[in-house]
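Participant: Following is a predicted model, sequence given first.
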Amino acid sequence: MDAPHPAVPPEDAVDIRGATPSATLDATRTRPSGPVLRAPRGATPTRRVVLAGSGAGAALALLAACGGGSPSGTPEGGTSGGEGSGSGGPDVGPGQALASVDDVPVGGALAVTVDGAPLLVTQPAEGTFAAFSAICTHQGCTVAPGDGELLCPCHASRYDLATGAVLGGPAPSPLPEVPVTVDGGEVTSA
């Protein structure tokens, strides 16, 4: 008898030579094609079996995390506003107060919501203000203020504080800008 698969101890190997054709056919139907990655009954699983099983489990967990449902930065039942949605940005009318100048940190951003639209009001340099939609252009998650930039918590897209341009990550386009003016210590939409 030929040497059995290394994962099968010789005493558990089955020799099907000399068996009738129907027995051979039945024996081959019950065996999976390709390498055998399971241990015989009662045997301790090999390192290969354990690694293959854990690799498959990790792959399934990764796929489950990346697919289905709404992204983890979006409200339930909300629209994604992501790639291909046709959304040109938030619908914020002119003259709406967005934030107090004193509330927006220099070199940072402040997350606000105006008429249900999540926005980020930024102050990249002292006295310079901008505002952008807080909806990531990748998959519609809510972008948050970061350390000197704007960050998407879902897939790590990074955006520039001054322009909303993509600095890194999978986002395909910059954050839509909301024109602003500063009047009387208030940042308002223009």
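Facilitator: Sure thing, it's come through. Numbering: from 1, shown residues only.

Participant: would residue 122 count as being in a strand?
Facilitator: Yes: counting by DSSP: H, G, I helix; E, B strand; the rest coil, one finds residue 122 located in a strand.

Participant: what's across from residue 142 in the sheet?
Facilitator: According to DSSP bridges, the residues that bridge with residue 142 are residue 135.

Participant: quick one: low-confidence ranges for the chain?
Facilitator: Filtered on pLDDT under 70, the chain yields the residue ranges 1-43, 45, 49-50, 52-53, 55-89.

Participant: which residues of it fall in strands?
Facilitator: With DSSP state E as the criterion, the chain has strands at 97-100, 108-114, 117-125, 128-133, 144-145, 150-151, 158-159, 166-168, 177-178, 180-183, 186-189.

Participant: wait, which of those strands is closest to residue 47?
Facilitator: strand 166-168 (37.8 Å; C-beta to C-beta). Any C-beta I mention is one placed from the backbone N, CA and C, and that applies to glycine too.

Participant: if I pick the nearest residue to residue 128 once chain neighbours are set aside, what's in contact with it?
Facilitator: Using C-beta to C-beta, 6 or more residues apart in numbering and skipping residues adjacent in sequence, the residue nearest residue 128 is residue 162, 7.2 Å away. Residue 162 is in contact with 122, 124-125, 128, 130, counting by C-beta atoms under 8 Å, 6 or more residues apart in numbering.

Participant: Buried subset of those, written for PyMOL?
Facilitator: To isolate the buried members of the contacts of residue 162 in PyMOL, using 16 or more other C-beta atoms under 10 Å:
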select buried, resi 122+124+130
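
Participant: number of nearby residues for the closest residue to residue 117 other than its chain neighbours?
Facilitator: Using C-beta to C-beta, 6+ apart and skipping residues adjacent in sequence, the residue nearest residue 117 is residue 90, 3.7 Å away. Look at residue 90: counted by other C-beta atoms under 10 Å, it has 23 neighbours.

Participant: Great, nothing more from me.
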